[in-house]
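Student: no sequence for this one, just the structure:
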DNA sequence: CTAAACGCTCACATCGACGTCAAGGGCAAG
DNA sequence: CTTGCCCTTGACGTCGATGTGAGCGTTTAG
């Protein structure tokens, strides 16, 4: 599969896919003429990258973690494990912040509803 | 209180506070010489803004929602309610994405741990 | 064979929340 | 009055993921 199809199947733009590769998040083989070739496994890999990016991880962080899936190596695995645990903690506290913001928002919504209800009574 | 103290009490930089005001997220009275003056209520307001920004809301979005706390007005209140509900949904789905990413991360951590454990056995 | 559709690299543009620096004014203590 | 710290506005810089366009080669359908 070439880049266009991978793009269609993942929703990532061609530009993004080339960027992922440049950042070391994605590997491709090349056809004799230099075009990128992917197989079905790459679809999953891109989905994973997208998920992590959407979670606010930087491409550098992802690059630290994801390669160890393809090239397992003792030292990198240990580094990766550290990075992963850090990111796990960051994710968890981000989730907590978001939940707090949502609670604050719920409060505002409530205040607002009451205001509108009272205004209607007048 | 002037901007320096508000900054110290909220953790937001002076630059950020001026930016919030420029974006309509914060209102200040001015001393005769043009310096911004705040009272204790502003501390809470800034905390709210910070919480929303940390949740990934844009300042434009916050500006739509927050003013209705100070200047309640029927039309704005209705607009704000719409914006708030949209943001609530966005927040919820973001939280879900983060949870999914965390689950994926947990899986990677597991794979990694097993790899290290097996390698240790050799 | 040719045109359309796709791919390549390089490089500049964008957006949003700030950092940072410049050039200047306000105000209290020595 | 001056030293020092706080304040003002304005403008340019930053970072990261991606858009976009130029200029050029490749693959595919008619």
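Tutor: Structure received. Note that this is a predicted model, so its numbers are computed, not measured.

Student: quick one: low-confidence parts of chain A?
Tutor: For chain A, residues meeting the criterion pLDDT under 70 lie at A:69, A:72, A:122.

Student: For it, which helix extends over the most residues?
Tutor: helix A:74-121 (DSSP state H).

Student: Next, see if it gets close to chain B.
Tutor: Yes: applying Cβ under 8 Å from any Cβ of the partner chain, one finds helix A:74-121 in contact with chain B at A:74, A:77-78, A:80-81, A:84-85, A:87-88, A:91-92, A:94-95, A:97-102, A:104-106, A:108-109, A:111-113, A:115-116, A:119. Any C-beta I mention is one placed from the backbone N, CA and C, and that applies to glycine too.

Student: Buried subset of these, written for PyMOL?
Tutor: Here is the PyMOL command that selects only those of the residues of helix A:74-121 next to chain B that count as buried (16 or more other Cβ atoms under 10 Å in any protein chain shown):
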select buried, chain A and resi 77+80+81+84+87+88+91+94+95+97+98+101+102+105+108+109+112+115
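
Student: Can you pull up the residues of chain A that come close to DNA strand C?
Tutor: Contact residues (Cβ under 7 Å from any atom of the strand) of chain A with DNA strand C: A:2, A:3, A:4, A:5, A:7, A:14, A:18, A:34, A:35, A:36.

Student: In strands, which of those fall?
Tutor: Among those, the residues falling in strands (DSSP state E) are residue A:36.

Student: and DNA strand D, which of the residues of chain A next to DNA strand C reach it?
Tutor: Filtering those for proximity to DNA strand D (criterion: Cβ under 7 Å from any atom of the strand) leaves A:34, A:35.

Student: Just the buried residues of the residues of chain A next to DNA strand C.
Tutor: For those, a burial check counting by 16+ other Cβ under 10 Å picks out A:3, A:7, A:36.

Student: what sits against the second one?
Tutor: Taking Cβ atoms under 8 Å, 6 or more residues apart in numbering or on different chains, we find residue A:7 in contact with A:13, A:14, A:17.

Student: give the contact list for the nearest residue to residue A:101 once chain neighbours are set aside.
Tutor: Distances taken as Cβ to Cβ, 6 or more residues apart in numbering or on different chains put residue B:55 closest to residue A:101, at 3.6 Å, once the chain neighbours are dropped. Residue B:55 sits next to A:97, A:98, A:101, A:102, B:91, B:94 when contact means Cβ under 8 Å, 6+ apart.

Student: Just give me the closest of the residues you listed to DNA strand D.
Tutor: Distance to DNA strand D across the contacts of residue B:55 (Cβ to the nearest atom of the strand) is lowest for residue B:94, with 14.9 Å.
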